[in-house]
Structure formats: structure tokens, C-alpha cells
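A.B. asks: Sharing a model prediction with you, sequence too.
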Amino acid sequence: MTYNELYRHIISVLKKAGIDSPAFDALCIFESKLGLTRHDLIMTGNKKAEKDQCDAVEELATKRAEGYPLQYLLGMWQFMDSEFFVGEGVLIPREDTSVVVQLCLDNIKNLYGTDNLSIIDLCAGSGAISISLAKSLPNSKVTALELSDKAMYYLQKNIQHNRCNNVEAVSGNVFTDCNITDALYDVIISNPPYIISSEIRTLQKEVQYEPVMALDGGSDGYDFYRAIISKWSKKLKSGGLLVFELGENQYDTVSDLMCSQGFKDITFATDLGNVKRGICGVSLNDKVKLG
Ligand code: GLN
């Protein structure tokens, strides 16, 4: 079988299985397993593929056809300007999250005009948010808090891979460990689990392979927002920012929760699907001063 024939065969396997973007997934699998890019396929597609190459590609395609996430198969995924190691036990970075990072950066620029900040990312997962912020704000220090040991493995690996000396991974629980350090922060940011528990099973097949603890926001989806807004607000300097990623239709409730805890100047950012995906509020914690 030639590479071209193998490529067409893999596309048809994925298509039959109902995979959304069979050609894209097939190309990613080819690149990851055989080191062949689209350009290589055009140039050398008529060459014979070795048996072990066919087997290797077929094995990944079979798993992908069962709904196993492409990102876990590849072991690596791009988010904003960085590469992240991913695998079972850590949430895959989503394109949507980039609008939350951008909302945070825009507010920092408007309000502080400096990047010498102390930032904490709660439920940091792979480190997509922490690492992207740290690269944009090289003089700031980012603490990445994560509870899961499996996610922590990827978080640490990603910090090293991206050479982010200004990110520190800390193991901790958002609900119980808000006094883990004495520090006060200029920015608290989080993409918390926000799916309603009973709805997780209804989500697409791929999501079922992702860690439930990164998805499950409790019976109404707001458990983490309530906990972070009530317990972590006191860790923000006055004038500091609280930034969240939101699930669909969660803007009004989270905005109300933030306002009732004394946050002001609420701004939001919409994703490509026009969902209010990010929210940012300014703290009015007058017990502590911005410094
Ligand atoms: N964005 C993820 C999804 O749509 C959910 C992540 C989260 O709960 N924070 O599946």
C-alpha cells in the first residue's frame, strides 16, 4: 500500500465512524506517527508504506474511530502560542479559553499598565492559562494551583517544556486551601469545572474520556464559582481582578454572584460561537491595598 492509499483508507475509517474532521485527524495521525506532513504526502505519497507504519497508523485510527480524543492520541496540543503535553487525566486546552486569557490581559493593560504582578490560576490543569499569561507577562509571577496528581504531572511537564520560570505549580484544593499562602494577589483567574453533573453523560463521546473532576461543576454547575468568589476574594488586593471562564448561559448568575460579593466594573468576552465565555470583575476589598 502507498502512503496515499493508506491516507485515504484512514480517512474512510474515520468518516465511517462519524468523526467530524476525518481528513484533518488523518493528517495529524500521519504527522505524529510517521513524521509525514501534508507537503511530504504530496511529494512522496506514491512511495510504499512499510507494514509496521501501516499498523502504527491503523492502531491510532481505530482508537480515534471509537471516539478517543485526537489530542490524547497525539499527546500534544497547541494553545495560543504554546505547545502542551496532554493525556488521560488532564483537560484538553480549548480554543475558547484563549478569549478568557485575552480578557485578562486586556484588563491588566487598562488597569495596571504594568506587568509586575502576582497572579494565581485556580484549577490550572495542563497550565494553558498560567503558561500563556506568564509568557505575555514575563515580569509577573504565576501560581498554578491544581488538585489532581495526574494533571499535576502534565502541569509541571508543560511549565518545563515552555521554560516558564515565572510559573510555580502548587498542589491544592480550591474549596479548602485558600490559606495555602499568605500572599495577596493582583489577579485570580480560573477555568473551573462548570458542567452540571447530570449533563456530563450527555456530552460528546470525546469528553467522556476527559477527567470528570475537571468538568463537574456540581448539581447546578456553579459550585466552584461560589467557592472561589466567597473564599478567595479576600486573597485579592483592592482593585485586583477576578477572571473566570464560563459555561454557556452562566454569565448572568456568575455576574450576580460577583456583584453581591462587592466586585465592580464587570466586563466579558465572547467566544467564536458568540457565547459569553469570559468574565472579569474588579475587587473592592478595602482592607488591603494594591501594591
Ligand atoms: N470547556 C469544557 C467543555 O466544554 C468544560 C471545561 C470546564 O468545565 N471548565 O467540555
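C.D. replies: On my side now, so go ahead. Residues are numbered from 1 along each chain as shown.
A.B. asks: Close to the ligand: what parts of the stretch 151-291 of the chain are there?
C.D. replies: 191-195, 207, 215, 245 (C-beta under 6 Å from any ligand atom). To be clear about C-beta, it is placed using only N, CA and C from the backbone, and glycine gets the same treatment.
A.B. asks: Please dump these into a markdown table; it should also carry pLDDT and secondary structure for every row.
C.D. replies: As requested, these are exported to a markdown table (pLDDT from 0 to 100; DSSP: H, G, I helix; E, B strand; the rest coil):
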| residue | pLDDT | secondary structure |
| --- | --- | --- |
| Asn191 | 98 | coil |
| Pro192 | 98 | coil |
| Pro193 | 98 | coil |
| Tyr194 | 98 | coil |
| Ile195 | 98 | strand |
| Val207 | 98 | helix |
| Leu215 | 98 | coil |
| Glu245 | 98 | strand |
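A.B. asks: What about these, which one has the most neighbours?
C.D. replies: Within these, Asn191 tops the neighbour count with 27 neighbours, counted by other C-beta atoms under 10 Å.
A.B. asks: Let me know the secondary structure of Leu73.
C.D. replies: Following DSSP: H, G, I helix; E, B strand; the rest coil, Leu73 is assigned to helix.
A.B. asks: CA atoms only: put stretch 35-55 into PDB for me.
C.D. replies: Extracted in PDB, the C-alpha atoms of stretch 35-55 (Å, rounded to 0.1, in the frame of the first residue of the first chain):
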ATOM      1  CA  GLY A  35       6.600  12.300  10.700                       C
ATOM      2  CA  LEU A  36       4.900  12.900   7.300                       C
ATOM      3  CA  THR A  37       3.300  16.400   6.800                       C
ATOM      4  CA  ARG A  38       0.800  17.300   4.100                       C
ATOM      5  CA  HIS A  39       3.600  18.500   2.000                       C
ATOM      6  CA  ASP A  40       5.500  15.200   2.400                       C
ATOM      7  CA  LEU A  41       2.400  13.300   1.300                       C
ATOM      8  CA  ILE A  42       2.100  15.400  -1.800                       C
ATOM      9  CA  MET A  43       5.800  14.800  -2.600                       C
ATOM     10  CA  THR A  44       6.200  11.200  -1.600                       C
ATOM     11  CA  GLY A  45       2.700   9.800  -1.400                       C
ATOM     12  CA  ASN A  46       3.300   7.200  -4.100                       C
ATOM     13  CA  LYS A  47       6.100   5.500  -2.100                       C
ATOM     14  CA  LYS A  48       5.300   2.200  -0.500                       C
ATOM     15  CA  ALA A  49       4.400   2.400   3.200                       C
ATOM     16  CA  GLU A  50       6.100  -0.300   5.400                       C
ATOM     17  CA  LYS A  51       3.900  -2.800   7.200                       C
ATOM     18  CA  ASP A  52       4.800  -1.500  10.700                       C
ATOM     19  CA  GLN A  53       4.000   2.000   9.500                       C
ATOM     20  CA  CYS A  54       0.600   0.900   8.300                       C
ATOM     21  CA  ASP A  55       0.000  -0.900  11.600                       C
END
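A.B. asks: Could you pull up the mean pLDDT of it?
C.D. replies: Per-residue pLDDT over stretch 35-55 has a mean of 94.
A.B. asks: residues in contact with that stretch?
C.D. replies: 1-7, 27, 30-31, 33-34 (C-beta atoms under 8 Å, 6 or more residues apart in numbering).
A.B. asks: And it, what's buried?
C.D. replies: Within stretch 35-55, the residues that count as buried by 16 or more other C-beta atoms under 10 Å are 36, 41, 45, 49, 53-54.
A.B. asks: Name the nearest of the residues you listed relative to the ligand.
C.D. replies: Leu36 (30.8 Å; C-beta to the nearest ligand atom).
A.B. asks: Make sure the closest one is indeed in a helix.
C.D. replies: No: looking at Leu36 with three-state DSSP, it is coil, so not inside a helix.
A.B. asks: so where is the stretch 151-291 of the chain shaky, pLDDT-wise?
C.D. replies: Scanning the stretch 151-291 of the chain for pLDDT under 70 picks out 285-291.
A.B. asks: can you tell me how far His39 sits from Gly45?
C.D. replies: Computed as C-beta to C-beta, to the nearest Å, the His39 to Gly45 distance reads 10 Å.
A.B. asks: Ok, Lys237 next?
C.D. replies: Between Lys237 and Gly45 the computed distance is 58 Å (C-beta to C-beta).
A.B. asks: Next: Phe175.
C.D. replies: According to C-beta to C-beta, Phe175 stands 54 Å off from Gly45.
A.B. asks: Thank you, goodbye.
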